[in-house]
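Chemist: below are the sequence and a predicted model for it; my questions follow.
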Amino acid sequence: MPRPQGAQAPPQGAPLAGRRPSAPSSPQAALRAALRETRGGLEAAIRARIEGDDAPIEATDPEYGAGLRAAIPLAIDYCLDGIERGEASPPPLPTGLLFQARVAARSKVPLGVVMRRYFAGYVLLGDFMAREAEGWASIEPPT
């Protein structure tokens, strides 16, 4: 699927393709471990995408900007925990993310801006996952 216009490719940190984390307990745990190694690049890419957005970060309430920056690592942790736990037992949504959504509404940040920022993070996480998974394609699943 083509990248949306203006979207940047994820940063090219240390590629993990072809490397397997030591003794993963499951494919999900192995992917999570690989993504944890690239976490700094993922956070930086999401921050850059948000800061490059045409909507102001601080909005009318400085709490919104601070909360937006704090929400990024919370969202990444939530996604990584969800990968490892699987859909049968998803982790609870972090209260910090719910609080940030309320702050955005209170600060009158348009819903379209909030959704665009959430989806930007989602797409970047997907890009990082796809890049890691490409290197794992030759690894046979456990039987």
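Modeler: Great, that's in hand.
Chemist: in the helix or strand hosting residue 119, which residues are buried?
Modeler: Assigned by DSSP states H and E, residue 119 belongs to helix 111-136. For helix 111-136, burial by neighbour count (16 or more other Cβ atoms under 10 Å) applies to 113-114, 117, 120-121, 123-125, 127-129, 131-132, 136. The way it works is simple: take the backbone N, C-alpha and C, and place the C-beta from them, glycine included.
Chemist: let me have the residues you listed in a markdown table, extended by distance to residue 43 and pLDDT.
Modeler: Output for these, formatted as a markdown table (distance: Cβ to Cβ, whole Å; pLDDT from 0 to 100):
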| residue | distance to residue 43 | pLDDT |
| --- | --- | --- |
| 113 | 20 | 88 |
| 114 | 19 | 88 |
| 117 | 14 | 89 |
| 120 | 13 | 90 |
| 121 | 10 | 90 |
| 123 | 15 | 92 |
| 124 | 10 | 91 |
| 125 | 11 | 89 |
| 127 | 14 | 89 |
| 128 | 11 | 86 |
| 129 | 15 | 84 |
| 131 | 16 | 84 |
| 132 | 16 | 79 |
| 136 | 22 | 65 |
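Chemist: which single one of the residues you listed is nearest to residue 33?
Modeler: Distance to residue 33, by Cβ to Cβ, is smallest for residue 132 among the buried residues of helix 111-136, at 9.9 Å.
Chemist: for burial, what's the neighbour tally of the nearest residue to that closest one once chain neighbours are set aside?
Modeler: Take residue 132 and drop its neighbours on the chain: the residue closest to it by Cβ to Cβ, 6 or more residues apart in numbering is residue 34, 4.8 Å away. Residues lying near residue 34 (other Cβ atoms under 10 Å) number 22.
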